[in-house]
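A.B. asks: Sequence first, then the predicted structure, then my questions.
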Amino acid sequence: MKEYAYYPGCSLKAGSKHYEESLLPVFRELEAPLEELEDWNCCGATAYFSVDETMAAAICGRNLSLAEKANKDILAPCAGCFLTMKKSNSFLQSGHEKAQVILENLRKVGCEYKGTVRVIHPLEYLTKEYGLEKIKQKVQKKLKDLKVASYYGCQLVRPYTEFDDPDYPVSLDNLMDSIGAEPVDYSAKTRCCGGSLAGTLEEIGLGLNHLLLKEAKRKGADVIVTICPLCQFNLEITQEKIAKKYKEDFKIPILYFTQLMGLALGISKDDLGFSRSIISLDSMWEKLGNGGRK
Amino acid sequence: MEIHKKVVFEDELDHFFLDEIKEKSLSEEISRCIQCGTCSSSCPLAEYMEHSPRKIIAMIKQGFKDEALKSFTPWLCASCYSCQVRCPANIKITDVMYALKREAIETKSYPSKFPIPALAQEMHKIIAKNGRNSELWLVLKMYLRLKNPLGPLKMASTGMSLMKTGRMSLKIEKIKNRKQLHKLLNSLAEETK
């Protein structure tokens, strides 16, 4: 099997550093260390497809070509990057007339792409390729009694549905179960957080995220785990304003699934980016029997 | 109250609009819409839209080009693909929304004071130049484009939280081989003009 090139995308290098800070040690601990794709460029996210589709596929093509040259597949932890690259990849592989023009231009600048690269998300890798049984064997400390709402958001499970169900996926719940945590039946698990709209249109950001938080609370979740930087950001940053607007102060920690995995694998909590949490984690540490902060 | 005509006459409709959007969205299936409304009822943003996704598809089919392109609806689509995976006619509705966004930008008919098209265009520019996005600069440029210098103030508490947790960076991120990226984008622009 081919190795994976880690494609961080812009978020994991900026506002979502704690995703990278927990992902890399977890993969090291699982003896599947990740190496970053050399000189990767931004995937363009939803913005590029809103402005120019040809350019959107072209810039993703550059990344795919870099991975192909290194004889690697791409592992993209951000759901936005994952989908954008997957979508562009399938377009470039489609044989469509416009795709041929893009491939020809990629070739001209030294980025020839034959179409051999696969794009995968770490959750997909861990649950489908690495395997939950193997993960269970590596667990040092079960996260007993921690009730977790697994939030998948949109772009990991849609529109490409081969890896999990688009409406009611279970892979993240199963992964949480395998590290000893208790997944709650989170019926809002694939309802959208608003993505980049949430930051600019406050009314929408607060409305959508209020609903997601309310449902997690109703199901008794201690924390919400996410697989996408934008979901993590929106669910966390809106809580203060939601408390004011809806008179409901949730204070639910919003974590990356890799942070909880790291804890279960016995990695020190100081090495998993928990200090970047805006919401206090005291209630979670208490639940995990570690008392207080750090 | 201003009095103006509320009804669009047949000869004011654009009957090429459907084909245009079909081509741009790579979704031939638009013609097969039976107005069942599964898209609108699946859409988490529909409650904020002035035209629901179902109605937008009807407008495209009938040639209400001007109305569809000036609408906020495409810009409120967060690309969650709920409608797209549920549509019984397999219409790629999210891709249709993208096609409307691109057409609205091309014809400059998008709502100009609205933050989302401004965000998309600024992000497009930053990436074309540097190869990577820089979150803070993107937000500032968006507000500049909207001529709304006080906009960032509303985000002050967010900024503070991010700063305190070391999640805000002032650095402008760049790839090394920008020359290659610029060459690629320029030669494509030449060819697809």
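C.D. replies: Thanks, I have it. Numbering: from 1, shown residues only, chains lettered A, B, ... in the order given.
A.B. asks: Point out the other helices and strands that the helix or strand encompassing B:Cys83 packs with.
C.D. replies: Assessed by DSSP states H and E, B:Cys83 sits inside helix B:82-86. For helix B:82-86, the elements it packs on are helix B:38-42, helix B:93-106, judged by 3 or more C-beta pairs under 8 Å, 6 or more residues apart in numbering or on different chains; DSSP states H and E. Bear in mind the C-beta positions are built from the backbone N, C-alpha and C, glycine included.
A.B. asks: Determine the number of other residues adjacent to A:Cys192.
C.D. replies: By the criterion of other C-beta atoms under 10 Å in any protein chain shown, A:Cys192 has 26 neighbours.
A.B. asks: Stretch B:53-67 and chain A, are they touching?
C.D. replies: No: using C-beta under 8 Å from any C-beta of the partner chain, we find that stretch B:53-67 stays clear of chain A, coming within 13.3 Å at best.
A.B. asks: which residues does B:Ile60 contact?
C.D. replies: The neighbours of B:Ile60, taking C-beta atoms under 8 Å, 6 or more residues apart in numbering or on different chains as the test, are B:17-18, B:21, B:30, B:68, B:96, B:100.
A.B. asks: And those, which is closest to chain A?
C.D. replies: Nearest to chain A among the contacts of B:Ile60, counting by C-beta to the nearest C-beta, is B:Leu100 at 9.5 Å.
A.B. asks: Give the closest residue to the closest one in space, chain neighbours not counted.
C.D. replies: In this structure, B:Leu100 finds its nearest non-sequential neighbour in B:Pro74, 4.0 Å apart by C-beta to C-beta, 6 or more residues apart in numbering or on different chains.
A.B. asks: For the least confident helix or strand in chain B by mean pLDDT, name the packing helices and strands.
C.D. replies: Ranking every helix and strand in chain B by mean pLDDT, DSSP states H and E puts helix B:151-154 at the bottom, with a mean of 84. When contacts are defined as 3+ C-beta pairs under 8 Å, 6+ apart, helix B:151-154 packs onto helix B:135-145.
A.B. asks: re the thing from before, save the contacts of B:Ile60 as JSON lines, and put in neighbour count, secondary structure and pLDDT too.
C.D. replies: JSON lines is the format used below for the contacts of B:Ile60 (neighbours: other C-beta atoms under 10 Å in any protein chain shown; DSSP: H, G, I helix; E, B strand; the rest coil; pLDDT from 0 to 100):
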{"residue": "B:Phe17", "neighbour count": "20", "secondary structure": "helix", "pLDDT": "98"}
{"residue": "B:Leu18", "neighbour count": "18", "secondary structure": "helix", "pLDDT": "98"}
{"residue": "B:Ile21", "neighbour count": "23", "secondary structure": "helix", "pLDDT": "98"}
{"residue": "B:Ile30", "neighbour count": "20", "secondary structure": "helix", "pLDDT": "98"}
{"residue": "B:Ala68", "neighbour count": "26", "secondary structure": "helix", "pLDDT": "97"}
{"residue": "B:Val96", "neighbour count": "29", "secondary structure": "helix", "pLDDT": "98"}
{"residue": "B:Leu100", "neighbour count": "27", "secondary structure": "helix", "pLDDT": "98"}
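A.B. asks: And the contacts of the least confident helix or strand of chain B?
C.D. replies: A:202, B:139-140, B:142-143, B:159.
A.B. asks: Can you give me the pLDDT of the residue located most distally from the centre of chain A?
C.D. replies: Distance from the C-alpha centroid of chain A peaks at A:Lys108, with 33.5 Å (C-alpha atoms, centre = their mean). pLDDT for A:Lys108: 97.
A.B. asks: Report the secondary structure element holding the residue nearest to B:Leu100.
C.D. replies: helix B:73-76.
A.B. asks: What are the buried residues along that helix?
C.D. replies: B:73-76 (16 or more other C-beta atoms under 10 Å in any protein chain shown).
A.B. asks: average pLDDT for it?
C.D. replies: For helix B:73-76, mean pLDDT is 97.
A.B. asks: Equivalent analysis for stretch A:73-82, please.
C.D. replies: 97.
A.B. asks: ok, and does that stretch reach over to chain B?
C.D. replies: No: remark: stretch A:73-82 sits outside contact range of chain B, by C-beta under 8 Å from any C-beta, the gap being at least 8.8 Å.
A.B. asks: now do the same end-to-end measure for that stretch.
C.D. replies: End-to-end distance for stretch A:73-82, by C-alpha to C-alpha, to the nearest Å: 12 Å.
A.B. asks: Show me how far that stretch is from its chain's centre.
C.D. replies: 8 Å (C-alpha atoms, centre = their mean, to the nearest Å).
A.B. asks: Quick check: A:Leu211 touching A:Cys193?
C.D. replies: No: with contacts counted by C-beta atoms under 8 Å, A:Leu211 stays clear of A:Cys193, the gap being 9.6 Å.
A.B. asks: Quick check on these two: which one has the bigger neighbour count.
C.D. replies: In this view A:Leu211 and A:Cys193 are compared by other C-beta under 10 Å, and A:Cys193 has more residues nearby, 27 against 14.
A.B. asks: Without its sequence neighbours, what residue ends up closest to the more buried one?
C.D. replies: A:Asn234 (4.3 Å).
A.B. asks: do the same with A:Glu29
C.D. replies: Leaving aside its sequence neighbours, A:Glu29 sits nearest to A:Leu265 (C-beta to C-beta, 6+ apart; 4.7 Å).
A.B. asks: got the contact list for the one you found?
C.D. replies: Here A:Leu265 is in contact with A:26, A:29-30, A:138-140, A:179 (C-beta under 8 Å, 6+ apart).
A.B. asks: tell me the phi and psi of it?
C.D. replies: Per-residue torsions, A:Leu265: phi -80, psi 0 (degrees, to the nearest 10).
A.B. asks: any idea how far it lies from A:Tyr186?
C.D. replies: A:Leu265 is 23 Å from A:Tyr186, where distance means C-beta to C-beta, to the nearest Å.
A.B. asks: Quick check: B:Asn177 touching A:Asn63?
C.D. replies: No: taking contacts as C-beta under 8 Å, B:Asn177 lies outside contact range of A:Asn63: 11.9 Å.
A.B. asks: Residue 163 in helix, strand or coil?
C.D. replies: Since no chain was named, I'll use chain A. The three-state label given to A:Phe163 by DSSP: H, G, I helix; E, B strand; the rest coil is coil.
A.B. asks: what's around it, how many residues?
C.D. replies: Neighbour number of A:Phe163 under other C-beta under 10 Å is 17.
A.B. asks: Grab the nearest non-local neighbour of A:Leu189.
C.D. replies: Just to correct that, residue A:189 is Lys rather than Leu. A:Tyr152 (5.2 Å).
A.B. asks: List the residues that contact that neighbour.
C.D. replies: Contact analysis of A:Tyr152 by C-beta under 8 Å, 6+ apart lists A:164, A:169, A:172, A:189-190, A:227.
A.B. asks: Look up how far A:Cys42 lies from it.
C.D. replies: For A:Tyr152 relative to A:Cys42 (C-beta to C-beta), the value is 23 Å.
A.B. asks: Distance check, B:Glu23 against B:Arg54.
C.D. replies: Using C-beta to C-beta, B:Glu23 is found at 22 Å from B:Arg54.
A.B. asks: which one of these two has more residues nearby?
C.D. replies: Using other C-beta under 10 Å, the more surrounded residue of B:Glu23 and B:Arg54 is B:Arg54, with 20 against 11.
A.B. asks: ok and whichever helix or strand that one is part of relative to helix B:93-106, angle-wise?
C.D. replies: Element membership for B:Arg54 (DSSP H and E) is helix B:53-62. Orientation of helix B:53-62 against helix B:93-106 (axes from the mean of the first three to the mean of the last three C-alpha atoms, to 10 degrees) gives an angle of 60 degrees.
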